[in-house]
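Participant: 3D model of this:
(one chain, ligands or ions: 1)
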Amino acid sequence: MSDTHTIDGDHEEPSRRDFIYIATGVTAAIGAGALAWPMVMQMTAASDTLAAGSIEIDVSKLEEGQQIKVLWRGKPIFVRYRTPKEIAEADSVDIATLRDPQTDNERLVPDFAGALNPKILVMIGVCTHFGCIPIGEAGDFDGWYCPCHGSHYDTSGRIRKGPAPKNLVIPEYAYISDTVIKVG
Ligand code: FES
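Facilitator: Reported below is the predicted structural model:
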């Protein structure tokens, strides 16, 4: 439940593997301190500026099996470093069985060298049903679970079960170096 509520002010602590950043147009770097506790970056610009802005996220310190959340335009962005098992599960799905058919590769963008990097998955962390924030590493498909009405997303963020009509949305983003992505 902590993943679902911390963004909007609930005081439950997130797990050590799931960090929250409130980024404000500055690079959200993942440092050693952030591995112990979630780091909240202070707001440094007017909200209207932030709403139109982009954010840069340094994923170089993200470790396999970890996820961070960065607030962008008022929405949480999930950045997950997927495990080989998660990638294999995402790849093994027959997309003809999906409510919102998409291959895992279609949910990735080329990295700085022009190749797809299935390890890093970037999504808007908002359930496509009524907008709750799903919990990571949960649900029947080991991906994300939305507790509001029971939507299960797989390790690619695709809807697999429950009322949500669409996959978790992939934001507009690009790699601007080997380890930094720019969202927006
Ligand atoms: S808002 Fe997620 S299942 Fe309804």
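Participant: how near is residue 61 to residue 179?
Facilitator: 9 Å (CB to CB, to the nearest Å). Where C-beta positions appear, they are placed from N, C-alpha and C, glycine not excepted.
Participant: just the helices in this protein please.
Facilitator: 2-5, 47-52, 84-91 (DSSP state H).
Participant: outside of the last one itself, list whatever touches it.
Facilitator: Counting contacts by CB atoms under 8 Å, 6 or more residues apart in numbering, the residues outside helix 84-91 that touch it are 82, 104, 118, 119, 141, 142, 143, 154, 155, 156, 158.
Participant: widest-spaced pair of these?
Facilitator: 119 and 141 (18.6 Å; CB to CB).
Participant: need the residues of this structure near the ligand, please.
Facilitator: Neighbours of the ligand within the chain, by CB under 6 Å from any ligand atom: 127, 129-132, 146, 148-151, 162-164.
Participant: if any of these are buried, give me the ChimeraX selection for them.
Facilitator: Applying 16 or more other CB atoms under 10 Å to the residues of the chain next to the ligand, the buried members can be selected in ChimeraX as follows:
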select :127,129,132,146,148,151,162,164
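Participant: can you put the residues of the chain next to the ligand in a markdown table and add distance to residue 114 and pLDDT?
Facilitator: Formatted as a markdown table, those follow (distance: CB to CB, whole Å; pLDDT from 0 to 100):
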| residue | distance to residue 114 | pLDDT |
| --- | --- | --- |
| 127 | 32 | 98 |
| 129 | 35 | 98 |
| 130 | 38 | 97 |
| 131 | 34 | 97 |
| 132 | 36 | 97 |
| 146 | 34 | 97 |
| 148 | 39 | 97 |
| 149 | 40 | 97 |
| 150 | 39 | 97 |
| 151 | 34 | 98 |
| 162 | 36 | 98 |
| 163 | 38 | 98 |
| 164 | 32 | 98 |
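Participant: pick out the residue closest to the middle of this structure.
Facilitator: Nearest to the mean C-alpha position of the chain, counting by CA atoms, centre = their mean, stands residue 78 at 1.4 Å.
Participant: got the contact list for that one?
Facilitator: 67, 68, 69, 121, 122, 123, 124, 125, 136, 144, 157, 168 are the contacts of residue 78 under CB under 8 Å, 6+ apart.
Participant: grab the nearest non-local neighbour of it.
Facilitator: Counting by CB to CB, 6 or more residues apart in numbering, residue 125 is the residue found nearest to residue 78 once chain neighbours are left out, at 4.2 Å.
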